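Please work out how this folds:
(one chain, ligands or ions: 1)
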Amino acid sequence: MSENFTFNLKATSGKARLGEITMPRGTIRTPAFMPVGTVGTVKAMYLDQVKEGGADIILGNTYHLMLRPGPERVARLGGLHELIRWPGPILTDSGGFQVMSLSGLRKLDEQGVTFKSHVDGSLHHMSPERSIEIQGLLDSDIQMQLDECVALPNEPREIERAMELSLRWAERCRVAFGNQPGKAMFGIVQGGDQPALRIRSAEGLKQLDLKGYSIGGLAVGEPQAVMLDMLRITLPVLPTEKPRYLMGVGTPDDMLKSVAEGIDMFDCVMPTRSGRHGLAFTRRGKVNIRNARHAEDMRPLDEQSSCPATRDYSRAYLHHLVRSNEALGGMILSWNNLSYYQELMQGIRQAIAEDRFEDFKAETIEMWARGDI
Ligand SMILES: N#Cc1ccc(CCNc2nc3cc4nc(N)[nH]c(=O)c4cc3[nH]2)cc1
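Predicted structure coming up:
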């Protein structure tokens, strides 16, 4: 392992990139999918399964962890890795997005955000400096700047205000982060669906000596075409030798098309949240296990899979579990879905290594279009 954070760009296929991030806690193969472990757990999963399924890194959320169990307590307990028994890298989101989407936001100004906890209604303030301090107390390996993500569609002036504030907060986070050789702080590009604002945000972040760049302000309800357009505008501005992370994305289709534009890292609650609601992702597309057609279908989701969740359980049994709201239903489907996401990422990496990514993308999308048999 490296004592520092290094990114090695190994190959390209069109704009798609194959790489490796090396850190003291492990190596991250890119393009990478990061399972979301919001409050220190990838819901309904043992982290051994998450690791065996192919994940090199998981995501945690500053917002949730600052409310419960609290950053100082996590530090007293030895840090997040020790507490949750995940020895590999952890990336933490900074809290801004979750404050907007989950809490009773009370105030947002130059100093930071003041909000009411969605857990117990208690009042909290988070500045850029406090967000970085919390991520440090969690012993997070890749830390996000505090930013403001606005909903789309929105007034260009509002998008500009939030983008400029996020740039100022990025500078404050960069100062607060200081020099931590084995760790990284990523800036977050904002600018909504406004090309000129996206370019200004990316140019501003490039002045800050960052280890990587997140693309924020997307996957907030805009059409996929708008998201992809913003990637085509933003990614050419960013340095090629540093990783790019598209936040909150996404479906397998979103990820394939974003890798094609040059994205290296993804995170999304989709595979685990959908699994808990009875939706299975497979090589042949999505399967809604709640559908009556599965009630007596003794086939597994995919007999060719190496994942026990996908290969060993009948659709009939999964249908029964999901219809009965049994926890095991969500557990098996979360396991299946995360395994499929990692199998897709492995297929993407292999295709880039062999310079046949465009063909892989077309074949995979066509397979989904044929649908489940
Ligand atoms: N199931 C399901 C499901 C639920 C929600 C989503 C959308 C997630 N989108 C999203 N997460 C984000 C996190 C973010 N974090 C930060 N700090 N900044 C962002 O601009 C940002 C933007 C995001 N966009 C996608 C799938």
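
Burial check on the residue nearest to G371 when sequence neighbours are not counted, number of neighbours?
Among residues not flanking G371 along the chain, G285 sits closest, at 5.2 Å (C-beta to C-beta, 6 or more residues apart in numbering). From N, CA and C alone the C-beta is placed, and that goes for glycine too. Neighbour count for G285, taken as other C-beta atoms under 10 Å: 16.

A327 too?
A327, neighbours per other C-beta under 10 Å, totals 10.

what residues are up against the residue located most distally from the centre of the chain?
Using C-alpha atoms, centre = their mean, the residue of the chain lying farthest from its centre is E296. It sits 35.8 Å away. E296 sits next to A316 when contact means C-beta atoms under 8 Å, 6 or more residues apart in numbering.

again, 10 Å this time
314-316, 319 (C-beta atoms under 10 Å, 6 or more residues apart in numbering).

can you give me phi and psi for F177?
Per-residue torsions, F177: phi -70, psi -40 (degrees, to the nearest 10).

surely it meets S94?
No - using C-beta atoms under 10 Å, F177 makes no contact with S94, being 11.1 Å away.

Looking at the two, which is more packed in?
More crowded of F177 and S94, by other C-beta under 10 Å: S94, with 29 against 22.

Output the set of residues of the stretch 1-150 of the chain in proximity to the ligand.
Contact residues, the stretch 1-150 of the chain versus the ligand (C-beta under 6 Å from any ligand atom): 93-94, 96-97, 144, 147, 149.

Out of these, which sit inside helices?
96-97 (DSSP state H).

As JSON lines, the residues of the stretch 1-150 of the chain next to the ligand with pLDDT would be great.
Listed next are those as JSON lines, based on pLDDT from 0 to 100:
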{"residue": "D93", "pLDDT": "98"}
{"residue": "S94", "pLDDT": "98"}
{"residue": "G96", "pLDDT": "90"}
{"residue": "F97", "pLDDT": "95"}
{"residue": "M144", "pLDDT": "98"}
{"residue": "D147", "pLDDT": "98"}
{"residue": "C149", "pLDDT": "97"}
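
which residues of the stretch 101-250 of the chain score low on pLDDT?
For the stretch 101-250 of the chain, no stretch has pLDDT under 70.

what ranges do the helices span in it?
For the stretch 101-250 of the chain, the helices defined by DSSP state H, counting those that start in this stretch cover 128-137, 156-177, 195-206, 224-234.

Return the most buried member of these.
helix 128-137 (a mean of 23; mean count of other C-beta atoms under 10 Å).

for that helix, packing partners?
helix 62-67, helix 71-76, strand 90-93, helix 96-102, strand 112-116, strand 123-126, strand 142-144, helix 156-177 (3 or more C-beta pairs under 10 Å, 6 or more residues apart in numbering; DSSP states H and E).

repeat that with 8 Å
helix 62-67, helix 71-76, strand 112-116, strand 142-144, helix 156-177 (3 or more C-beta pairs under 8 Å, 6 or more residues apart in numbering; DSSP states H and E).

closest to L9 out of these?
Closest to L9 of those, according to C-beta to C-beta: strand 142-144, at 17.5 Å.

What pairs with the closest one, parallel or antiparallel?
strand 90-93 (parallel), strand 184-189 (parallel) (DSSP bridges).

what angle sits between the longest one and helix 128-137?
Relative orientation of strand 184-189 and helix 128-137, computed by axes from the mean of the first three to the mean of the last three C-alpha atoms, to 10 degrees: 140 degrees.

Any part of strand 184-189 near the ligand?
Yes - Strand 184-189 reaches the ligand (C-beta under 6 Å from any ligand atom) through I188.

Let me know the distance separating the residue most central in space within the chain from the ligand.
The chain has D267 as the residue nearest its centroid, 1.5 Å off, counting by C-alpha atoms, centre = their mean. Look at D267 and the ligand: by C-beta to the nearest ligand atom, to the nearest Å, they are 8 Å apart.

For the residue lying closest to that residue once chain neighbours are set aside, grab the count of nearby residues.
Nearest non-adjacent residue to D267, counting by C-beta to C-beta, 6+ apart: M34, 4.2 Å away. Using other C-beta under 10 Å, M34 is surrounded by 23 other residues.

Quick check: pLDDT value at M34.
With respect to pLDDT, M34 has a value of 99.
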